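> just coords:
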């Protein structure tokens with residue numbers, strides 16, 4: 001008796017020379033800085049506060065929007081996020097107006113925020129990428145003249161505030177956010193609150209994000225603020241940490257209630 005296994009002819013697939021796999025180095029072109037061995041660790045440590053401040057020491061690949069998007073692969077999730085944020089900034093309804101990124105350390109949170117920062121200020125640069133062009137084509141009208149505010153708690157002294165080049169000192173988170181939105185229209189609305197270190201209420205924040213921005217769409221990003229809030233001296237009966245946390249929630253409420 002002959003088993004079916006023995007009666008069938010065994011065949012071992014072979015790879016002909018004409019279909020041999022080519023080395024990946026022949027198919028993939030690396031970035032010039034990688035090929036030249038000039039890649040530095042600073043490129044990976046994105047500092048959003050420094051980018052927002054226009055710090056010339058920030059690597060060009062992170063600071064310049066064109067260079068940033070040329071070096072960034074727009075994943076499906078990042079494209080979806082850009083869709084949602086840019087559509088909201090363009091005045092379209094039906095999108096989330098308050099977004100919270102929850103990723104572990106090293107999960108790409110800073111890179112994502114830098115992408116949003118550059119896209120909000122220079123949305124046209126996305127058209128240089130095929131994936132970015134798809135985002136812009138779906139969007140239709142691009143958001144223009146967006147007021148962007150970034151609060152970096154690591155660069156804001158809890159006791160002395162932030163001193164500007166002109167000599168003025170901003171004392172609080174709300175003062176610094178208002179100053180970035182518009183020094184002439186937005187900051188005067190909370191100037192007294194900033195001086196007295198008293199958190200403004202929701203109605204005033206709503207006015208700050210609408211009238212203070214002069215009708216422009218607004219995107220804000222408090223960064224590392226809660227850690228510094230423990231030593232932020234605010235003149236209220238409640239604890240500084242709790243007050244700072246309350247203030248950080250108020251812009252979220254105002255944004256969800258605004259149609260623009």
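Perfect, thanks for sending it. A quick note: this is a predicted structure, and the numbers were derived from the prediction, not measured.
> helices along the protein, start to end?
4-7, 24-27, 32-35, 48-52, 60-63, 65-70, 76-89, 109-121, 130-139, 173-181, 187-196, 202-210, 225-229, 240-257 (DSSP state H).
> excluding its backbone neighbours, what's nearest residue 194?
residue 175 (3.1 Å; CB to CB, 6 or more residues apart in numbering). Using the backbone N, CA and C atoms, a C-beta is placed for each residue, glycine as well.
> ok, now which ones touch the one you found?
The neighbourhood of residue 175, defined by CB atoms under 8 Å, 6 or more residues apart in numbering, consists of 161, 187, 190-191, 193-194.
> where's it relative to residue 23, distance?
Taking CB to CB, to the nearest Å as the measure, residue 175 falls 57 Å from residue 23.
> what's the burial count for residue 131?
Using other CB atoms under 10 Å, residue 131 is surrounded by 16 other residues.
> now do residue 101
So residue 101, with other CB under 10 Å, has 13 neighbours.
> before we move on, the earlier item: now the contacts of residue 175 as JSON lines including distance to residue 180, pLDDT and neighbour count?
Shown next, in JSON lines, are the contacts of residue 175 (distance: CB to CB, whole Å; pLDDT from 0 to 100; neighbours: other CB atoms under 10 Å):
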{"residue": "161", "distance to residue 180": "14", "pLDDT": "87", "neighbour count": "19"}
{"residue": "187", "distance to residue 180": "9", "pLDDT": "94", "neighbour count": "22"}
{"residue": "190", "distance to residue 180": "12", "pLDDT": "93", "neighbour count": "24"}
{"residue": "191", "distance to residue 180": "14", "pLDDT": "94", "neighbour count": "14"}
{"residue": "193", "distance to residue 180": "16", "pLDDT": "92", "neighbour count": "19"}
{"residue": "194", "distance to residue 180": "13", "pLDDT": "92", "neighbour count": "22"}
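> can you tell me which of the residues you listed lies closest to residue 129?
residue 187 (36.0 Å; CB to CB).
> surely the closest one and residue 176 touch.
No. Between residue 187 and residue 176 there is no contact under CB atoms under 8 Å: 9.2 Å.
> what ranges in the stretch 101-250 of the chain fall below the confidence cut-off?
Within the stretch 101-250 of the chain, the segments meeting pLDDT under 70 span 104-106, 141, 215-250.
> measure the residue nearest in space to the middle of the chain to residue 22 for me?
Nearest to the mean C-alpha position of the chain, by CA atoms, centre = their mean, lies residue 113 at 1.8 Å. Using CB to CB, residue 113 is found at 38 Å from residue 22.
> residue 85: how many residues sit nearby?
Residue 85: 22 surrounding residues under other CB under 10 Å.
> which residue comes closest to it once chain neighbours are left out?
Per CB to CB, 6+ apart, closest to residue 85 is residue 116, 5.7 Å.
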